[in-house]
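Asks: Any chance you could fold what I've pasted below:
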Amino acid sequence: MLDAARQKAQRRLTAINVSQVPMDIFGMFDGRAMPERETGFDSSFEGQRVADALCGVPRDAVTARLLHLEMESDCSVCIHFLSKDAFLYYLPAFISLVVEDFERLDLLPFTLVWYFTQHIDEGYGEDANPLSLAVLAELTPREADGLRWFADYMRTHHQEEFLDGSLDRLDQVLETCPSEKAPAAGMGARNS
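Replies: Numbering: from 1, shown residues only. Sure thing, here's the model as predicted:
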């Protein structure tokens with residue numbers, strides 16, 4: 001069944017322009033409130049740098065430039081300092097950025113995939129970030145479908161970058177998440 005779904009997704013995604021994201025990717029995460037500084041970000045020095053960069057910034061206004069300027073090097077670092085609620089709020093922004101500008105985003109594409117698969121990756125086990133499991137447990141069917149779209153897109157356009165099998169592990173994880181329906185691909189470009 002997974003192979004049939006993957007083939008269907010590949011046919012659907014091959015028609016997508018690389019700069020397109022489902023117009024509704026942000027809508028798939030509706031109901032998520034913008035995080036407050038006190039509860040959305042880690043209290044460490046790095047966490048406060050992430051808060052300085054993102055606090056009060058609507059998720060559809062997050063840009064690669066903003067992340068690069070604030071994080072100085074690897075913009076994926078910010079993921080590690082977000083609370084569960086902040087991560088879920090900004091996830092559609094990260095997905096959109098990765099699809100639009102894969103090459104300029106350092107490790108962000110790989111960190112997103114790893115975030116959801118670390119608990120099954122060899123060597124992590126109980127040392128995996130418990131927040132990733134909490135995020136997975138809290139995904140609504142619509143949000144899980146948005147993440148499935150992302151996995152399909154990455155497989156179609158960047159499979160060669162993920163030779164470690166992490167996209168297969170992401171599929172494995174997403175099989176345990178509820179589904180509303182597959183999102184329609186190529187519904188339009190991100191609103192910038």
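Asks: Quick one: low-confidence residue ranges for the chain.
Replies: Applying pLDDT under 70 to the chain picks out residues 1-23, 69-74, 121-129, 181-192.
Asks: how about 50 then?
Replies: Judged by pLDDT under 50, the chain has its weakly predicted residues at 1-2, 4-19, 182-192.
Asks: Which parts of it are strands?
Replies: Remark: strands of the chain are absent; assignment by DSSP state E.
Asks: all helices in it, in order from the N-terminus.
Replies: According to DSSP state H, the chain carries its helices in the segments 2-13, 37-40, 45-54, 64-71, 84-100, 108-117, 130-138, 141-158, 166-174.
Asks: Quick one: closest of those helices to residue 24.
Replies: helix 141-158 (8.2 Å; C-beta to C-beta). Any C-beta I mention is one placed from the backbone N, CA and C, and that applies to glycine too.
Asks: could you say what helices and strands that closest one packs with?
Replies: Packed against helix 141-158 by the contact rule (3 or more C-beta pairs under 8 Å, 6 or more residues apart in numbering; DSSP states H and E) you find helix 2-13, helix 84-100, helix 108-117, helix 166-174.
Asks: Which elements pack onto the shortest one?
Replies: Think helix 166-174. For helix 166-174, the packing partners by 3+ C-beta pairs under 8 Å, 6+ apart come out as helix 108-117, helix 141-158.
Asks: mind listing what's buried in it?
Replies: Buried positions in helix 166-174, judged by neighbour count with 16 or more other C-beta atoms under 10 Å: 166, 167, 169, 170, 171, 173, 174.
Asks: Let me have those in JSON lines, extended by distance to residue 60.
Replies: Shown next, in JSON lines, are these (distance: C-beta to C-beta, whole Å):
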{"residue": "166", "distance to residue 60": "27"}
{"residue": "167", "distance to residue 60": "26"}
{"residue": "169", "distance to residue 60": "29"}
{"residue": "170", "distance to residue 60": "24"}
{"residue": "171", "distance to residue 60": "27"}
{"residue": "173", "distance to residue 60": "26"}
{"residue": "174", "distance to residue 60": "24"}
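Asks: re the thing from before, for residue 85, find the nearest of the helices and strands packed on helix 166-174.
Replies: Nearest to residue 85 among these is helix 141-158 (12.7 Å), distances taken as C-beta to C-beta.
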